[in-house]
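>>> Structure for this input, please:
(one chain, ligands or ions: 3)
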Amino acid sequence: MTKPNGSSLDDHLDAEVARDASLADTAATIRALAAAAIDVSETVGRGSLAGDLAAQGEHNSDGDVQKALDVIAHKRFMQALEQAPVAQVASEEAEDVVELKRDAPLAVAIDPLDGSSNIAVGMVVGTIFGIRPVTRGEDPNASFLTPGTTQTAAGFVVYGPATTFVVTLGNGTRIFTLDRAEKVFRLTHDAMKIVPTANEYAINASNVRHWDGPVKSFIEDCLRGTEGPRDRDFNMRWTAALVADAQRVLIRGGVFLYPGDNRKGYAQGRLRLLYETAPIAFLIEQAGGAATDGQHRILERVATKIHERSPLVFGSTEEVECVAKYYDGRQPSAGRSPLFGQRGLMRS
Ligand SMILES: O=P(O)(O)OC[C@H]1O[C@](O)(COP(=O)(O)O)[C@@H](O)[C@@H]1O
Ligand SMILES: [Mg+2]
Ligand SMILES: [Mg+2]
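Ligands and ions are numbered 1, 2, ... in the order given. Sure thing, here's the model as predicted:
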């Protein structure tokens, strides 16, 4: 049994290992990641006093320019994972799989610093990770080319006004908040339950002209509010850090979309399957929500390469299901009733 609010992440991990002894290595890895997160939190908290954390460096695996904080976080988390029972790491900030302890049982996919565009403006950033068993074989990527259902744990850290550590080991999703004085993560949100429906959506609406028909129709019907088929008004939020949007959805529901679109290189959206969408999907499902690529469950998706992207729609079950209806034609208003005349603001 998990201890009440205020109990430490360590206590929770002990309880999880008592429930299932096979989680001992996973728990040890989470402890190492949490210690590193406290260090990264301190650097983020110093802001510009820590130097130019947004200073630009090399290009990473995805072609994004690495910022100083991306590199600091990558190094600190790699250092942590070297001390854990981890054989392989797939990091956003490393082109190839990094080999650690040869005979160790686990593989970790990590986005050391999520929300990089927020660094320069002192806004929320985070870290995302997914842990899965090692698959031994010829292919050095083999451990990561398995469905998200093989994850033994997933989590993310939000470096915001408070630093939070959000984690699941397959037995519910919990939020631990950093007690800065004692340098301990303490339980603040036990066994979370995402409300099945809510009037809030998150999408980067500047991409409207690039979206496909179902996404345009879904968002347009949200915008039409009580005058449209949804018959209720919606609010919109976009933090530009997946971790912060995910934490909001966990706490008060809603739906997040980063779909594929017709910009060059964005057919599968922007987010990476192994260290962004699959861990978030595990956490969301463990809190009673849903996570799809628009139609299909993210956790069943299998990567073919370590930096593969995937579309992501997650949140309150009824909202995620509603998006699927626009994709498969079950939503009668999909493709008609435009906002402005015959041709909608967002429909081509
Ligand atoms: O700038 P956009 O297209 O709105 O994308 C924002 C999304 O990109 C990300 O910043 C991608 O993460 P990285 O910063 O790790 O590359 C997400 O956190 C966020 O949801
Ligand atoms: Mg990211
Ligand atoms: Mg990143």
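>>> Grab the longest helix from the protein for me.
helix 24-46 (DSSP state H).
>>> how about the residues of the stretch 101-250 of the chain near ligand 2?
Contact residues, the stretch 101-250 of the chain versus ligand 2 (C-beta under 5 Å from the ion): 111, 114. Backbone N, C-alpha and C define where each C-beta goes, glycine included.
>>> Kindly state the domain boundaries assigned to the protein.
Listed domain ranges for the chain are 9-189, 200-328 (source: automatic domain parsing).
>>> Format those as a markdown table; extra columns: mean pLDDT, distance to ligand 3 and mean neighbour count.
Compiled in a markdown table, the domains of the chain are given as follows (pLDDT from 0 to 100; distance: least, C-beta to the ion, whole Å; neighbours: other C-beta atoms under 10 Å):
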| stretch | mean pLDDT | distance to ligand 3 | mean neighbour count |
| --- | --- | --- | --- |
| domain 9-189 | 96 | 4 | 19 |
| domain 200-328 | 98 | 8 | 20 |
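>>> Reformat the ones you listed as JSON lines; add distance to ligand 1.
Shown next, in JSON lines, are those (distance: least, C-beta to the nearest ligand atom, whole Å):
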{"stretch": "domain 9-189", "distance to ligand 1": "4"}
{"stretch": "domain 200-328", "distance to ligand 1": "4"}
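>>> Grab the most central residue of this protein for me.
The residue lying closest to the centre of the chain (C-alpha atoms, centre = their mean) is Ile280, at 3.8 Å.
>>> surely it meets Leu242?
Yes: the criterion here is C-beta atoms under 8 Å, and Ile280 meets it with Leu242 at 6.7 Å.
>>> Show me what the residue in the stretch 101-250 of the chain that ligand 2 sits nearest to is bridged to.
Nearest residue of the stretch 101-250 of the chain to ligand 2: Asp114, at 3.4 Å (C-beta to the ion). Asp114 has these beta-bridge partners by DSSP bridges: Gly126.
>>> From what I see, it and Ala241 are in contact.
Yes: with contact defined as C-beta under 8 Å, Asp114 reaches Ala241; the gap is 5.9 Å.
>>> what about stretch 249-262, start to end distance?
With C-alpha to C-alpha, to the nearest Å as the measure, the ends of stretch 249-262 fall 27 Å from one another.
>>> ok, now stretch 106-123?
One end of stretch 106-123 sits 33 Å from the other (C-alpha to C-alpha).
>>> Please apply the same query to stretch 118-126.
10 Å.
>>> can you list contacts of it?
The contact list for stretch 118-126 (C-beta atoms under 8 Å, 6 or more residues apart in numbering) reads 44, 47-48, 53-54, 67, 69, 113-116, 156-160, 239-244.
>>> one more time with 6 Å
For stretch 118-126, the surrounding residues in contact (C-beta atoms under 6 Å, 6 or more residues apart in numbering) are 47, 53-54, 67, 69, 113-115, 156-160, 239-241, 243-244.
>>> same check, this time on stretch 136-146
88, 90, 97, 107, 134-135, 274, 303, 306.
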